[in-house]
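*Asks:* Generate a structure from the sequence data that follows.
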Amino acid sequence: MHPIEVSIPSFRSEGSNAEKGYTVFKIEVLMCGRQHTVEKRYSEFHALHKMIKKVIKPPEIPSKHVRNWVPKVLEQRRQGLELYLQTIIMENEVLPKIFLDFLNIRHFPSLPKTESCGSFETESEESSKLTHQPALLFLRDPYLLPTTNDTFSNMVIEGVIRGIFYPDFQPR
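*Replies:* Coordinates of the predicted model:
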């Protein structure tokens, strides 16, 4: 599974008529469990395609010119643009910065796309150690241990608490 997933679930038309109107595509980007949305016009996809051709061999982009603005044609364009983005992700080990900027992705790890974001293997042993010290220590938990006048204390709870808080404690 790739750390970046994109889809274009919807689009909307802006403007009053077909001559001056345009279509905005809603792009959902899912990376490392976090999702955000980007809205782009076709002209922005076309500009991306022109710039990305200098870096990688991108897939074909849907035609720039659409004869009519009926929903069926726009739906085909939406599907084509979604496939375009997904193909770029699938076919390239390292994604170009221009592509990541287009999707508003910041702080992308410089790892190949097949690795997980922030995997445990890349952390050093030093960075995984806890660096804080306990601020307060309770000798007894009043909610778990019975009161002192209880003649039959709960030995299991006392044993667990002693094992956690007093690992060097020797039983009587």
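*Asks:* Could you use CA atoms for every contact and neighbour count after this?
*Replies:* Noted.
*Asks:* Show me where this structure has its strands.
*Replies:* 4-14, 22-31, 34-41 (DSSP state E).
*Asks:* Now do the shortest one, average pLDDT.
*Replies:* For strand 34-41, the mean per-residue pLDDT is 93.
*Asks:* all helices for the protein, in order.
*Replies:* For the chain, the helices defined by DSSP state H cover 42-52, 71-91, 97-102, 125-128, 155-165.
*Asks:* Make TSV out of those and add distance to Leu30.
*Replies:* Output for the helices of the chain, formatted as TSV (distance: least, Cα to Cα, whole Å):
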stretch	distance to Leu30
helix 42-52	19
helix 71-91	12
helix 97-102	12
helix 125-128	27
helix 155-165	40
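*Asks:* most tightly surrounded among these?
*Replies:* Comparing those on average neighbours per residue, with mean count of other Cα atoms under 10 Å, the densest one is helix 71-91 at a mean of 17.
*Asks:* what angle sits between that helix and helix 42-52?
*Replies:* 30 degrees (axes from the mean of the first three to the mean of the last three Cα atoms, to 10 degrees).
*Asks:* Pull the residues that contact helix 71-91.
*Replies:* 4-8, 10-11, 25, 45, 58-62, 66, 95 (Cα atoms under 8 Å, 6 or more residues apart in numbering).
*Asks:* What subset of those is buried?
*Replies:* 4-8, 11, 25, 45, 58, 61-62, 95 (16 or more other Cα atoms under 10 Å).
*Asks:* Tell me how many other residues crowd Val24.
*Replies:* By other Cα atoms under 10 Å, 19 other residues sit near Val24.
*Asks:* low-confidence ranges in this protein?
*Replies:* 1-2, 16-19, 67-68, 107-155, 169-172 (pLDDT under 70).
*Asks:* Just confirm Val38 contacts Leu30, I think it does.
*Replies:* No. Look at Val38 against Leu30 with Cα atoms under 8 Å: they stay out of range, at 11.1 Å.
*Asks:* quick revisit: can you tell me which of the contacts of helix 71-91 is nearest Gly163?
*Replies:* Ile4 (44.0 Å; Cα to Cα).
*Asks:* beta partners for the nearest residue to the closest one once chain neighbours are set aside?
*Replies:* Among residues not flanking Ile4 along the chain, Met31 sits closest, at 4.5 Å (Cα to Cα, 6 or more residues apart in numbering). Here Met31 sits in beta bridges with Ile4, Arg34, as judged by DSSP bridges.
*Asks:* For Met31, which residues are in contact?
*Replies:* Here Met31 is in contact with 3-5 (Cα under 8 Å, 6+ apart).
*Asks:* ok, now Ile27?
*Replies:* Ile27 neighbours (Cα under 8 Å, 6+ apart): 6-10, 37-40.
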